[in-house]
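Student: no sequence on this one, just coordinates:
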């Protein structure tokens, strides 16, 4: 039942293409899901992809285009004429159409738009292109089923049959007044159960969740998730119904956002995959490693500064990896909790109250860990003062690292910057440097050298 | 429009409860969404929560229970009698009912089940409780709309009206044969459009995605996401229709899985939130920090081993934080890519081919970084041999760290262990130790001391 790409399948397809056996190709793809076809296109050669896209009808290939990796799609679009792209776009829902056109250069956009015959469609796409990618407007589709509150159920069912032909999935029927203002909703189920003579105004549910067209996608996804919605209407400032967002698009938003945060925390430039080329992977990894290298050089320079004070205390230098590791770990832990809380709209209270909580938390953790370290150093080196200096420094380092890890994402968020960039190598590297500096300063103070 | 908990609202509720103003409470909660009520319960005192749960009717509170934090729900359930819990459970869909009953002790489970009057319901819950929590069976609901392939559209609409009363949302109508085997599906839209005399066997869509009741939830969510499904039927080995899974539950699975992976990568025991108590946060953070502490002690012991060889080369010790940081960062990067690829079912090919790719990738990154480090050390210390030794060591450390980071999650996954535990402090700590060991061994070899 499940579709799996096999080497045999790919060979078969390549053989068909090589022998221009178009009938066999069409038969093979006839029953295949567009998401599966997209997977195949990503595995075969680029020329063969173009061949298939041009061969299969646009009803099939348009949906395939929406599923492709952005990079591959871009390359394919460059090899299609404006007329061909227009044909694909005409098959798509308005949101997918706008996404594809939005990826083209301005010049190409105009060329493609002039080839689209349906004027209504052109207007819809132009409207959608005006919204920011991260707003409700940037994700919504214009396709929806709406009925007037003054209609009867019978008229509604008739109108709906016509509208529903255009809409892939009907979740809710939206009820509007004569000014197109959103008044409420009606489920298909209610419509099936109600008598045909009933007025819509008597049966619709006036309580309907909606979002503003300029709302952030995070807000939209939190709302749909919280209220288990499968679709949500999008309105403007005057409550005029503009479009709707469906849960399948929000699922992709949630997944992409989670992947991005995870990659940032792991020190990867976003949107890289295990199967990408070594060049792409290097591009994603090297900048963050370079940041780490600079941090290491910073730590080196700090140690050089303290070199003379510690001729007799080489052991202090042997604990620098421990100090750096603890500073890094605590920083990542505290920033990750804040980043996740912000994403889930869970972080209440002021920055100060957060910092005070983290202060206690980090101090508690630090004291427990420092106790262990004290016992180890005391036992191993038999110098109580060194053990004491190292342990006190550890507590200080952990507290500062926790505070930095808590403060930076809150600060970035307040400034409207994605707090997720604060996790990973960024926080680790700065905490490494601060940690080692604090460590040596306190050790020097306590040991009096 | 959006619901926000305010201090005033909470004060008002507390005042109503203190004055036992039940009518005002019921009026206040009348129009409120259950997810909002759940948020309120999490903010007020425990006694007040119990008061509200007992006061409001179970139609309302049953849904609230499903939205609560597991910990709070558990405490509330302990304060309800078996009869009260049975009343709540009877209001819920079978999947939510089974989830709540599954959280009770065996003794309580029996007590509650004996209080449920509907025998069909008891059987459904008992069936659902037999499936593993991470399988399709553990998430599916028994409620669905199914019709026999031999019916007409008219009979189907009539039967459906009866069935639909029980089902919160109708996504698809599933078509079965006389043996309850899944044959295909029918959309509500198709039914609305078709003539009433048509036979179902003529209009249903025989191509239907489904999952096996024992399939892993990751598989289910990848399939629903890939094919943009809003519901998927669940069948047993003989293709008998057992239940269905809806996208809103899968959204929660995706979100929880992502949060868990993110927390593991950040060194947090899963399921902790910014608003949890200091004790809970310490429990989530301290074990991983302790692991880091042991790693630091390991690094210390390695340096002690090499102490005598390097009387003249203190500078080598100053680069240990750099070496540890690079080993840690590379390890996290490579493991994160694998963990994410495995979660998205994206990692094809053998472990060996992955390791060879990582070998080249890490070597390339390592050489670029080592070149910078060589120039810095050469310029700063004016010792080409030391600079050379440190740089070569860095390349070796990065390659080994990359290989460990790639191998460990692939190995764990092969053993059926969640690879996500390989990221974060676990990989960082082991890479720190290996990194510093390799660094000193190579440096000793090259400098001949």
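Tutor: That came in fine, so what should we check first? In this text the structure is predicted, and so the values were computed from the model without any measurement.
Student: Stretch A:277-291 vs chain B: in contact?
Tutor: Yes. Using CB under 8 Å from any CB of the partner chain, stretch A:277-291 reaches chain B at A:278, A:281-282, A:285-286, A:288-290. Yep, even glycine has a C-beta here, placed from its N, CA and C like the rest.
Student: Give me the distance from that stretch to the chain's centre.
Tutor: 20 Å (CA atoms, centre = their mean, to the nearest Å).
Student: Any buried residues in it, and which?
Tutor: A:281-282, A:284-286, A:288-289, A:291 (16 or more other CB atoms under 10 Å in any protein chain shown).
Student: From the centroid of chain A, which residue is nearest?
Tutor: residue A:257 (1.9 Å; CA atoms, centre = their mean).
Student: residues contacting that one?
Tutor: For residue A:257, the contacting residues are A:218, A:221, A:343, by CB atoms under 8 Å, 6 or more residues apart in numbering or on different chains.
Student: Would you mark the buried spots in the strand or helix carrying it?
Tutor: Following DSSP states H and E, one finds residue A:257 within helix A:247-265. Across helix A:247-265, burial judged by 16+ other CB under 10 Å covers A:247-251, A:253-255, A:257-265.
Student: Residue A:65 is in contact with residue A:91, correct?
Tutor: No. Using CB atoms under 8 Å, residue A:91 is not in contact with residue A:65; the gap is 9.6 Å.
Student: between these two, which one's more packed in?
Tutor: residue A:65 (25 against 16; other CB atoms under 10 Å in any protein chain shown).
Student: correct me, but that one touches residue A:73?
Tutor: Yes. Using CB under 8 Å, residue A:65 is in contact with residue A:73, at 5.8 Å.
Student: ok, the closest residue to residue A:188 other than its chain neighbours - contacts?
Tutor: What sits nearest to residue A:188 in space, not counting adjacent residues and going by CB to CB, 6 or more residues apart in numbering or on different chains, is residue B:188, at 5.0 Å. By CB under 8 Å, 6+ apart, the contact set of residue B:188 is A:170, A:188-189, A:192, B:170, B:172-173.
Student: list residues touching both of residue A:65 and residue A:73?
Tutor: With contacts defined as CB under 8 Å, 6+ apart, the residues shared by residue A:65 and residue A:73 are residue A:100.
Student: For chain A, which segments are assigned as strands?
Tutor: For chain A, the strands defined by DSSP state E occupy A:146-148, A:172-176, A:182-187, A:211-212, A:231-235, A:241-246.
Student: Does residue A:61 touch residue A:85 like I think?
Tutor: No. With contact defined as CB under 8 Å, residue A:61 and residue A:85 do not form a contacting pair (10.8 Å).
Student: and the residue lying closest to residue A:172 once chain neighbours are set aside, what are its bridge partners?
Tutor: With CB to CB, 6+ apart as the criterion, residue A:172 has its nearest non-adjacent residue at 4.5 Å, and that residue is residue A:185. With DSSP bridges applied, the residues forming beta bridges to residue A:185 are residue A:174, residue A:205.
Student: pLDDT at residue A:185, what is it?
Tutor: We have a pLDDT of 90 for residue A:185.
Student: what's the burial count for residue A:383?
Tutor: Neighbour tally, residue A:383, other CB under 10 Å: 15.
Student: Contact partners for the closest residue to it other than its chain neighbours?
Tutor: With sequence-adjacent residues excluded and distances taken as CB to CB, 6+ apart, residue A:383 is closest to residue A:377, at 7.6 Å. Neighbour list for residue A:377: A:315, A:383, A:386-387, A:390-391 [criterion: CB under 8 Å, 6+ apart].
Student: nearest to residue B:269, of these?
Tutor: Nearest to residue B:269 out of those is residue A:391 (CB to CB; 25.0 Å).
Student: how close does the closest one get to residue A:408?
Tutor: 26 Å (CB to CB, to the nearest Å).
Student: same question, residue A:280
Tutor: Distance from residue A:280 to residue A:408, by CB to CB: 29 Å.
Student: contacting residues for residue A:248?
Tutor: If a contact means CB under 8 Å, 6+ apart, then residue A:248 has B:228-230, B:247 as its contacts.
Student: one more time with 10 Å, if that's ok
Tutor: By CB atoms under 10 Å, 6 or more residues apart in numbering or on different chains, the residues touching residue A:248 are A:168-169, A:230-231, B:224-225, B:227-230, B:247.
Student: Likewise for residue A:176?
Tutor: A:146-149, A:182-184, A:233, A:239-241.
Student: Apply 7 Å and report the result again.
Tutor: Taking CB atoms under 7 Å, 6 or more residues apart in numbering or on different chains, we find residue A:176 in contact with A:146, A:148-149, A:182-183, A:241.
Student: Identify the residue spatially nearest to residue A:437, adjacent ones excluded.
Tutor: Closest to residue A:437 by CB to CB, 6+ apart is residue A:302, at 5.3 Å.
Student: where are the low-confidence patches of chain A?
Tutor: A:1, A:164-168, A:189, A:270 (pLDDT under 70).
Student: What distance do you get for residue A:304 to residue B:380?
Tutor: 8 Å.
Student: for residue A:206, same thing?
Tutor: When residue A:206 is compared with residue B:380 (using CB to CB), they lie 73 Å apart.
Student: Between the two, which has more neighbouring residues?
Tutor: residue B:380 (14 against 10).
Student: Which residues of the stretch 301-449 of chain A lie near chain B?
Tutor: By the rule CB under 7 Å from any CB of the partner chain, the part of the stretch 301-449 of chain A lying against chain B is A:303-304, A:307, A:314, A:317-322, A:324-326, A:329-330, A:332-333, A:336-338, A:340-341, A:346-347, A:357, A:360-361, A:364-365, A:368-369, A:372-373, A:376, A:423, A:425, A:432, A:436.
Student: Out of those, which end up buried?
Tutor: By 16+ other CB under 10 Å, those give A:303, A:317-322, A:324-326, A:329-330, A:332-333, A:336-338, A:340-341, A:347, A:357, A:361, A:364-365, A:368-369, A:373, A:376, A:423, A:425, A:432, A:436 as buried.
Student: In helices, which of those residues fall?
Tutor: A:303, A:317-318, A:320-322, A:324-326, A:329-330, A:332-333, A:336-338, A:340-341, A:357, A:361, A:364-365, A:368-369, A:373, A:376, A:425, A:432, A:436 (DSSP state H).
Student: excluding its backbone neighbours, what's nearest residue A:384?
Tutor: residue A:378 (5.7 Å).
Student: what's the neighbour count on the spatially closest residue to residue A:252 that is not a sequence neighbour?
Tutor: Spatially, and ignoring its direct neighbours in sequence, residue A:252 is nearest to residue B:225 (7.3 Å; CB to CB, 6+ apart). Residue B:225: 20 surrounding residues under other CB under 10 Å.
Student: what does the one 5 residues further on give?
Tutor: The criterion is other CB under 10 Å. On that basis, residue B:230 has 20 neighbouring residues.
Student: In space, what's closest to the residue of the stretch 301-449 of chain A found nearest chain B - neighbours in sequence excluded?
Tutor: Residue nearest to chain B within the stretch 301-449 of chain A: residue A:322 (2.3 Å; CB to the nearest CB). Counting by CB to CB, 6+ apart, residue A:322 lies nearest to residue B:296, which is 2.3 Å off, once chain neighbours are set aside.
Student: now do residue A:126
Tutor: Among residues not flanking residue A:126 along the chain, residue A:113 sits closest, at 7.5 Å (CB to CB, 6+ apart).
Student: what do you get for residue A:12?
Tutor: residue A:28 is the one closest to residue A:12 (CB to CB, 6+ apart), at 7.6 Å.
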